[in-house]
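Asker: Let's see this in three dimensions:
(one chain, ligands or ions: 1)
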Amino acid sequence: MVKEIKICMGSACFARGNADNLRFIEDYIKENNLNSQIEIYGGRCKNLCEKGPTIEIDGTIYYEMTPEKIVEILRK
Ligand code: FES
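Answerer: Numbers count the residues shown, from 1 in each chain. As a prediction, this is how the structure comes out:
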């Protein structure tokens, strides 16, 4: 099943870690050959900035995302 990842590109989330998270996810997809299984989109600010950086994966919003948390979710 294709996973949809929507990374908040709002300035708060981007500055709080989503710039790095985006790079991390792109590398992770490349390294694990997941191109056909994961689609990445940029999302707008959801007014959840203080809980950011936020990333939505398959419709669920996750808060305070780090590369470690992302890997944990993607492995499931
Ligand atoms: S910038 Fe991401 S929720 Fe506001």
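
Asker: ok, the closest residue to the ligand within the chain - contacts?
Answerer: The minimum distance from the chain to the ligand, using C-beta to the nearest ligand atom, falls at Gly10 (2.4 Å). Where you see a C-beta, it was placed from the backbone N, CA and C, and this is true even at glycine. If a contact means C-beta atoms under 8 Å, 6 or more residues apart in numbering, then Gly10 has 43-46, 49, 52 as its contacts.

Asker: Can you show me the helices along this protein?
Answerer: The residue ranges that make up the helices of the chain, judged by DSSP state H, are 11-13, 19-31, 67-75.

Asker: For the closest residue to Asn18 other than its chain neighbours, the count of nearby residues, please.
Answerer: Beyond its immediate neighbours in the sequence, the residue positioned closest to Asn18 (C-beta to C-beta, 6 or more residues apart in numbering) is Pro53, lying 4.1 Å away. Pro53: 26 surrounding residues under other C-beta atoms under 10 Å.

Asker: How about the residues of the protein by the ligand?
Answerer: 8, 10, 12-13, 45-49, 52, 54 (C-beta under 6 Å from any ligand atom).

Asker: Check the offset of the helix or strand of the chain with the lowest mean pLDDT from the chain's centre.
Answerer: Every helix and strand of the chain was ranked by mean pLDDT, DSSP states H and E. The lowest is helix 67-75, at a mean of 94. Going by C-alpha atoms, centre = their mean, to the nearest Å, the spacing between the C-alpha centre of helix 67-75 and its chain's C-alpha centre is 9 Å.

Asker: and if you look at stretch 35-48?
Answerer: Relative to where its chain is centred, stretch 35-48 has its mean C-alpha point 6 Å off (C-alpha atoms, centre = their mean).
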